[in-house]
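Colleague: my questions concern the predicted model and sequence given below.
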Amino acid sequence: MQKVNVVCVGKIKESFYREAVAEYAKRLSRFVSFTVREIPEGKNLEDEAADILRAVKGYVIALCVEGKKFSSEALAAELKKQYDRGSEVTFVIGSSCGLSQKVKDAADVRLSFSDMTFPHQLMRVILCEQIYRAYMINSGSEYHK
């Protein structure tokens, strides 16, 4: 079973965001071994970078505004390609200050969901839903219309 990780800076404070992430984690469990690892906020991006880089494994996808925009189908294809290679995949969400250049440079892909800015707690939910959607697309499900 493929491993998919989300490494993110900070904790989710609102219970409804935690519940949404837990729901998608539960749904993903039929496809992958899915984990979310929270890194404590550091004094600066470089402190966070060191902790993030110690936590990432496999094929790394960093979420950042200057990244490439993927459709849901393209993300599904990318995850399938990594599955076929036997690669573990780690998505990285930085703090409200963003990600260190070191983390961006270490990533295999820089991914942008939008030119807009989203709260990091909400972005975690959106990312989990898109990962779930990708696996549903790859399974041939009608979830993605």
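Modeller: Cool, the structure landed.

Colleague: which element is the residue nearest in space to the middle of the chain on?
Modeller: Taking CA atoms, centre = their mean, the centroid of the chain lies closest to Phe91, which sits 3.3 Å from it. In this structure, Phe91 sits in strand 89-93 according to DSSP states H and E.

Colleague: hmm, Val6 and the residue nearest to the centre of the chain touching each other?
Modeller: Yes. Under the criterion of CB atoms under 8 Å, Phe91 makes contact with Val6 at 4.9 Å. Just so you know, the C-beta spots here come from the backbone N, C-alpha and C atoms, and that holds for glycine as well.

Colleague: list the residues that contact both of these two?
Modeller: 127, 131 (CB atoms under 8 Å, 6 or more residues apart in numbering).

Colleague: coming back round to it: ok, the strand holding Phe91: who's next to it in the sheet?
Modeller: strand 3-9 (parallel), strand 59-69 (parallel) (DSSP bridges).

Colleague: contacts for the last one, please.
Modeller: Right, the one you point to is strand 59-69. By CB under 8 Å, 6+ apart, the list of residues contacting strand 59-69 from outside reads 78, 82, 85, 87-94, 98-99, 103-104, 106-115, 117, 123, 127.

Colleague: please, where are all the helices along the protein?
Modeller: In chain order, the chain shows helices spanning 15-28, 45-55, 72-85, 101-106, 120-138, with DSSP state H as the criterion.

Colleague: give me whichever of the ones you listed is most buried.
Modeller: For these, the largest average neighbour count (mean count of other CB atoms under 10 Å) is found in helix 120-138, namely a mean of 20.

Colleague: which strands and helices lie in contact with that helix?
Modeller: strand 3-9, helix 15-28, helix 72-85, strand 89-93 (3 or more CB pairs under 8 Å, 6 or more residues apart in numbering; DSSP states H and E).

Colleague: can you count the residues close to Cys117?
Modeller: One correction, residue 117 is Thr, not Cys. Residues within reach of Thr117, counting by other CB atoms under 10 Å, total 9.

Colleague: just give the nearest non-adjacent residue to it, would you?
Modeller: In space, and not counting its chain neighbours, Thr117 is closest to Val65: 7.4 Å by CB to CB, 6 or more residues apart in numbering.
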